[in-house]
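Asks: model this:
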Amino acid sequence: MTATVAATRAAHRGLAPAALPAPGSLDELLARSGQVALELSGADQSAWNGRVIETTGSILGLAHWDGTLYLDRECILDPLQRMYEHAGEEQPIPMLVQYRESLATLLHEHAHFLGPAGASQDAARDAFTQPGGRQLEEGVAEAWSQDHLDDYLTRLGVDKVAPGIKDVQAGGYYAAFVPAVRRLATDVEIRNDLRPGQVLDVLNRETAAGQFPLLVSLVYNSTRLPDLELAGADTRHHLESILRTGLGHLDNFELHPAGFAAAKSHSTAGELLDHLHQEIQTAEAAYTFHPTACTLPPPSTTPARTSPSPPTPTRTSPAASPPGHIPPPPTRLTLPAPSTPARTPPAASPPHGTPPPPSRLALPAPSKPARTSPAASPPRHTPPPPTRLALPAPSTPARTSSPSRHTPPPPTRPAPPTPTSSVVPAHGAAHSDPRAFQAALSGICPPRPVPADAPTAQSTAPPTTAGVPAAQRRLPGSRGRHTGVG
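Replies: From the prediction side, this is the model:
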């Protein structure tokens, strides 16, 4: 591969592909492959150093952290060499499918090298080994390369070399990751009112170090939390924990058949989104207050409430009131001033009789009637004895308690209800534990043992079990396509 490497380096450092004719050989194709991928993605830079090394074994393609591109001789390079040997000829459909899969692997590996200006592969490698980092980057690279493969073939002129190659479909890889990443990206696009495929485009322009922060920001900014929360709130941390836990769980399906792995990946993404939306609603509710409408009466002066005293029984006058008679309201009796009764002429008496002295009118008690001296009266006339004038004793009419006249105490206005206020819960108390989500997801398939004291540390390598063929084992910490992996 010495000639191929030299041509690749020259093209990588030279003119843009748009100014060059279509590749006419495998060496020219490889030399132009990186620059075309960079222009197609819209990223700022590619970490590819221009080197291509052929390999044998289970690795179909590998984007090494030092910038070197590894491609399998039997499954990638030999089919592409045959394609140029029969350039322009009609090829059988199985051969066209093999060509298409080889070129899809080439584009997938170049997607791993893409990144923003100044991106470091060292930082990308550290982020790739974090929980969910490998699943997200591999899923994004595979989904994006599948969506843009036809455009990639057109820019490289392969559709002229192998007529009909754009009319066939290849199966693709990473069935355990791609459905979940697509469903998650679609949900974020709907929440942010973005065009279809835009989330995959922007994520593909980032390295592993920038993909998770960008994804969390897209989810967070699609809510009302930026306008409700103060700076420094830990909601972003909770959202990232949910995303990492859910995506990291996809490792359990990686070694299963493609159909089963794809179904489990899709259902796992649904549970991840449900947990994510519940977390967002809980966080928004913690900052939202819905007061209940309560109209209070206008302030008024209410007399002090006094306990009514029972009526005091009083003596009533001996004279009984007729049935049904309502006595008039009690009034103070005003007695007339005492006066001397007028003298009346004596009654006619017989001749030679001496009239009795006038009698003094008796005043009300305690005065006593005046005594009259007995005088000789004519035999035929007897004056009437003095009588005591009995006046009623001055007394205050008794107050009678009548049901019809009783005035009840004025009703007292009940105290106005005291409006209650909602106590805003401290945000964070309702946040769910990512371990609980991991436990819920474990019902899909047997859970993988996770150390209780290491919530964020997670091995990036898929579970290696006894009896798994060597062709199905993935190189730890590597990024790329492997045989036997859906």
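
Asks: what are the ranges of the strands in the chain?
Replies: Secondary structure of the chain (DSSP state E): strands located at 45-46, 52-55, 61-63, 69-72, 114-115.

Asks: dump those strands to CSV, plus mean neighbour count, distance to residue 106 and mean pLDDT.
Replies: Every C-beta, even on glycine, is put in place using the N, C-alpha and C of the backbone. Shown next, in CSV, are these (neighbours: other Cβ atoms under 10 Å; distance: least, Cβ to Cβ, whole Å; pLDDT from 0 to 100):
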stretch, mean neighbour count, distance to residue 106, mean pLDDT
strand 45-46, 18, 13, 97
strand 52-55, 17, 10, 95
strand 61-63, 23, 7, 96
strand 69-72, 23, 7, 97
strand 114-115, 26, 14, 98
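
Asks: mind checking which of the ones you listed is nearest residue 481?
Replies: strand 61-63 (5.0 Å; Cβ to Cβ).

Asks: give me the contacts around the closest one.
Replies: 48, 55, 69-72, 76, 105-106, 108-110, 112-113, 475, 478-481 (Cβ atoms under 8 Å, 6 or more residues apart in numbering).

Asks: direction included, what does that strand pair up with?
Replies: strand 69-72 (antiparallel) (DSSP bridges).

Asks: quick one: contacts of the partner strand?
Replies: 34, 48, 51-57, 59-64, 77, 105-106, 109-110, 113, 480.

Asks: repeat that for 7 Å
Replies: 48, 51-56, 59-64, 77, 109 (Cβ atoms under 7 Å, 6 or more residues apart in numbering).

Asks: what do you get for stretch 265-272?
Replies: Stretch 265-272 is contacted from outside by 175-177, 179-180, 183-184, 242, 246, 249-250, 253, 440-441, 444, using Cβ under 7 Å, 6+ apart.

Asks: repeat the analysis, applying 6 Å as the threshold.
Replies: Stretch 265-272 is contacted by residues 176, 179-180, 183-184, 246, 249-250 when judged by Cβ atoms under 6 Å, 6 or more residues apart in numbering.

Asks: and stretch 35-50, by the same measure?
Replies: When contacts are defined by Cβ under 6 Å, 6+ apart, stretch 35-50 is touched by residues 8-9, 12, 17, 34, 67, 107, 110, 113-117, 121, 148, 152, 155-156, 204-205.

Asks: filter those down to the buried ones, PyMOL style.
Replies: A single PyMOL command suffices to select whichever of these are buried according to 16 or more other Cβ atoms under 10 Å:
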select buried, resi 8+12+17+34+107+110+113+114+115+121+148+152+155+156+204+205
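
Asks: quick one: residue 69 and residue 111, what's the gap?
Replies: 12 Å (Cβ to Cβ, to the nearest Å).

Asks: what does residue 158 give?
Replies: Applying Cβ to Cβ to residue 158 and residue 111 gives a distance of 17 Å.

Asks: what does residue 85 give?
Replies: As defined by Cβ to Cβ, residue 85 lies at a distance of 28 Å from residue 111.

Asks: quick one: which of the two has more around it?
Replies: Higher neighbour count among residue 85 and residue 111: residue 111, with 26 against 10, using other Cβ atoms under 10 Å.

Asks: just confirm residue 34 contacts residue 112, I think it does.
Replies: No. Using Cβ atoms under 6 Å as the test, residue 34 is too far from residue 112 to be in contact (11.3 Å).

Asks: got any ranges where the stretch 351-486 of the chain has weak pLDDT?
Replies: Residues of the stretch 351-486 of the chain meeting the criterion pLDDT under 70: 351-478, 482-486.

Asks: so for whichever helix in the chain runs longest, what's the average pLDDT?
Replies: Counting by DSSP state H, the longest helix found in the chain is helix 258-286. The average pLDDT for helix 258-286 rounds to 94.

Asks: what ranges does the stretch 51-200 of the chain have for its helices?
Replies: Using DSSP state H, counting those that start in this stretch, the helices of the stretch 51-200 of the chain run over 78-85, 93-113, 121-128, 133-147, 149-156, 158-161, 178-192, 198-204.

Asks: how about the shortest one: buried residues?
Replies: Using 16+ other Cβ under 10 Å as the burial criterion, the residues of helix 158-161 that qualify are 158-159, 161.

Asks: likewise stretch 191-206?
Replies: By neighbour count on 16+ other Cβ under 10 Å, the buried set for stretch 191-206 is 194, 197, 199-206.

Asks: what's the answer for stretch 74-81, then?
Replies: 75-77, 79-80.

Asks: for that stretch, give the mean pLDDT please.
Replies: 96.

Asks: I figured residue 253 hits residue 175, correct?
Replies: No. Residue 253 lies out of contact with residue 175 (Cβ under 6 Å); the separation is 8.0 Å.

Asks: tell me, what's touching the two both at once?
Replies: Shared contacts of residue 253 and residue 175, defined by Cβ under 6 Å, 6+ apart, are found at residue 261.

Asks: returning to that earlier point: and which of the buried residues of helix 158-161 is nearest to residue 129?
Replies: residue 158 (34.7 Å).

Asks: now do the closest one against residue 103, distance only.
Replies: With Cβ to Cβ as the criterion, residue 158 and residue 103 are 6 Å apart.

Asks: before we move on, what about residue 28?
Replies: 14 Å.

Asks: same deal with residue 139?
Replies: From residue 139 over to residue 103 the distance is 20 Å, taken as Cβ to Cβ.

Asks: cool, and residue 198?
Replies: With Cβ to Cβ as the criterion, residue 198 and residue 103 are 24 Å apart.

Asks: ditto for residue 150
Replies: 10 Å.

Asks: so which of the two has more stuff around it?
Replies: residue 103 (25 against 15).

Asks: could you measure from that one over to residue 184?
Replies: 27 Å.

Asks: repeat for residue 200
Replies: 10 Å.

Asks: mutual contacts of those two, please.
Replies: Contacts common to residue 200 and residue 184, judged by Cβ under 6 Å, 6+ apart, are absent.
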